[in-house]
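Chemist: This is a predicted model, with the sequence first.
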Amino acid sequence: MSVRASALPPGSIVGILGGGQLGRMLALAAARLGLRAHIYAPEGDNPAFDVSHAHTAAAWDDEAALAAFAGAVDVITYEFENVPLATAAFLAERKPVRPGPRALEIAQDRWNEKRFAAELGIATPPFANIETADDLAAAAERVALPAVLKTRRFGYDGKGQVILRPGDDLAAAWEALGRAPCLLEGFVDFVCEASALLVRGAEGATIAFDVPRNEHEHHILRHSHVPSGLAAETERAAQDIARRLAGALDYVGVLAVELFVVRDADGAERLVFNEMAPRVHNSGHWTEAACVVSQFEAHVRAIAGWPLPKPARHHDCTMTNILGDEVNDWPALAAEDNAVLHLYGKRAAKPGRKMGHVTRLR
Ligand code: AMP
């Protein structure tokens, strides 16, 4: 495999929108390839700033700061899917933004996202859009309870979600979510959750990491296990779903797709689309410890036009998130054998906040 003439050479600057742990890990991966990261994020606790060549702390609508940032970097990516579309569009007029703003537009809105998947023939739970009180009755008819009511925008880690059981009052639940535009989605009786981690290069070639099986606690990812224990056919189907989504978006970079695994009456595993993230993903953190090329490096390679070698996995493993005060256990975690510890350097350990992760190799 040869390096394309348009590949960004070492010394080039990768602009990253968002200053959280994903930006931090992307910056570290870029640095290892001799590339430099420039982070753009609003003021706050931005752990990515600590490990970057440069940073800009400015609002998403500060056009002077955005123009200066675009002028200072060679390519732009994001670690956070709620970057305003206007920001991505403004930057895309000045420098390549990878993946493109269309992926953001789809992933920012659960209604767009589910429709997009369904239109590609990917199985989704039954779902209905709720924007007005009149939509409630139609939604209840289309989607039988139990169901999950989710705000269309800005939900993460279970925030902006309510489970509705038979007899519950849909109108009251919608009221509790501030009558924001919502999606009512059938509750999926899954045997487990899994995710596809696909990487697509600028010319459409793809590689996929092994599929992790993901365990959530209180809607927050707790563990990712690899191998998943799923049938090889199910894993291929998961990767194929991600490939179809990425192809339809002419996507460049890492695309993560969260899936429910359902077992049919005949015992066969079937996949149901939950959501996609147009970025590196928490369920791919294990790759830094167990693969020759991590998801972070693969993303940087894809957006910089570098070759994408197959990300061979050299260990079985379980990645566990370190949440809130658990970070205070760092001395014990640091003393474990065969464990790769990654702490994010965040200043405040709020309950449930992702403070780091540990990947235990087997
Ligand atoms: P989300 O933010 O949509 O990924 O939801 C977070 C977690 O809530 C998922 O990973 C599931 O564990 C659970 N969940 C979300 N939607 C559903 C659903 N339709 N059926 C069952 N569980 C769900």
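Modeler: Now that the structure is in, tell me what you want to look at.

Chemist: Nearest to the ligand within this structure, name that residue for me.
Modeler: residue 188 (3.7 Å; CB to the nearest ligand atom). (C-beta placed from N, C-alpha, C; glycine too.)

Chemist: hang on, that residue packs against residue 262?
Modeler: Yes. If you go by CB atoms under 8 Å, residue 188 and residue 262 touch, sitting 6.5 Å apart.

Chemist: if I look at these two, which residues touch both of them?
Modeler: residue 272 (CB atoms under 8 Å, 6 or more residues apart in numbering).

Chemist: if we can go back for a sec, now for the residue of the chain closest to the ligand, how many residues are close by?
Modeler: 19 (other CB atoms under 10 Å).

Chemist: Check the one 3 residues further on too.
Modeler: Residues contacting residue 191 under the criterion other CB under 10 Å number 13.

Chemist: before we move on, what about residue 232?
Modeler: Per other CB under 10 Å, the neighbour tally for residue 232 reads 10.

Chemist: For it, report the pLDDT, please.
Modeler: For residue 232, the pLDDT comes out at 97.

Chemist: Phi, psi for it please.
Modeler: Dihedral pair for residue 232: phi -60, psi -40, per degrees, to the nearest 10.

Chemist: Could you measure from it over to residue 311?
Modeler: Note on residue 232: its distance to residue 311, by CB to CB, to the nearest Å, is 17 Å.

Chemist: can you give me how far the helix or strand of the chain with the lowest mean pLDDT is from the chain middle?
Modeler: The weakest-scoring helix or strand in the chain, judged by mean pLDDT, DSSP states H and E, is helix 133-142 (a mean of 87). Here helix 133-142 is found 30 Å from its chain centre; the criterion is CA atoms, centre = their mean, to the nearest Å.

Chemist: Output the set of residues of the stretch 101-250 of the chain in proximity to the ligand.
Modeler: For the stretch 101-250 of the chain, the residues in contact with the ligand (CB under 6 Å from any ligand atom) are 125, 148, 150, 155, 158, 185, 187-188, 193, 216, 219.

Chemist: make it 8 Å
Modeler: Neighbours of the ligand within the stretch 101-250 of the chain, by CB under 8 Å from any ligand atom: 110, 125, 147-148, 150, 155-158, 161, 163, 185-190, 193, 214, 216, 219, 221.

Chemist: Separate out the buried members of these.
Modeler: 110, 125, 147-148, 150, 155, 158, 161, 185-188, 190, 193, 214, 221 (16 or more other CB atoms under 10 Å).

Chemist: So which of these sits lowest on pLDDT?
Modeler: residue 158 (68).

Chemist: circling back to that earlier point, what lines up beside the very next helix or strand once past the least confident helix or strand of the chain in the sheet?
Modeler: Going down the chain from helix 133-142, the next helix or strand is strand 147-151, by DSSP states H and E. Next to strand 147-151 in the sheet, as set by DSSP bridges, lie strand 161-164 (antiparallel), strand 182-186 (antiparallel).

Chemist: How many residues are close by residue 122?
Modeler: Residues lying near residue 122 (other CB under 10 Å) number 19.

Chemist: In contact with it, which residues?
Modeler: Counted by CB under 8 Å, 6+ apart, residue 122 has contacts 241, 244-245, 273.

Chemist: need these in TSV with neighbour count, can you?
Modeler: Below are those laid out as TSV (neighbours: other CB atoms under 10 Å):
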residue	neighbour count
241	23
244	16
245	26
273	23
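
Chemist: Next step: those restricted to helices.
Modeler: 241, 244-245 (DSSP state H).

Chemist: if we take these, which one ends up nearest to residue 13?
Modeler: residue 245 (29.0 Å; CB to CB).

Chemist: distance of that closest one from residue 93?
Modeler: As judged by CB to CB, residue 245 and residue 93 stand 26 Å apart.

Chemist: Need the ones in helices among the contacts of residue 122 in JSON lines (columns: distance to residue 316 and pLDDT).
Modeler: Conversion of the ones in helices among the contacts of residue 122 to JSON lines gives the following (distance: CB to CB, whole Å; pLDDT from 0 to 100):
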{"residue": "241", "distance to residue 316": "24", "pLDDT": "98"}
{"residue": "244", "distance to residue 316": "28", "pLDDT": "98"}
{"residue": "245", "distance to residue 316": "27", "pLDDT": "98"}
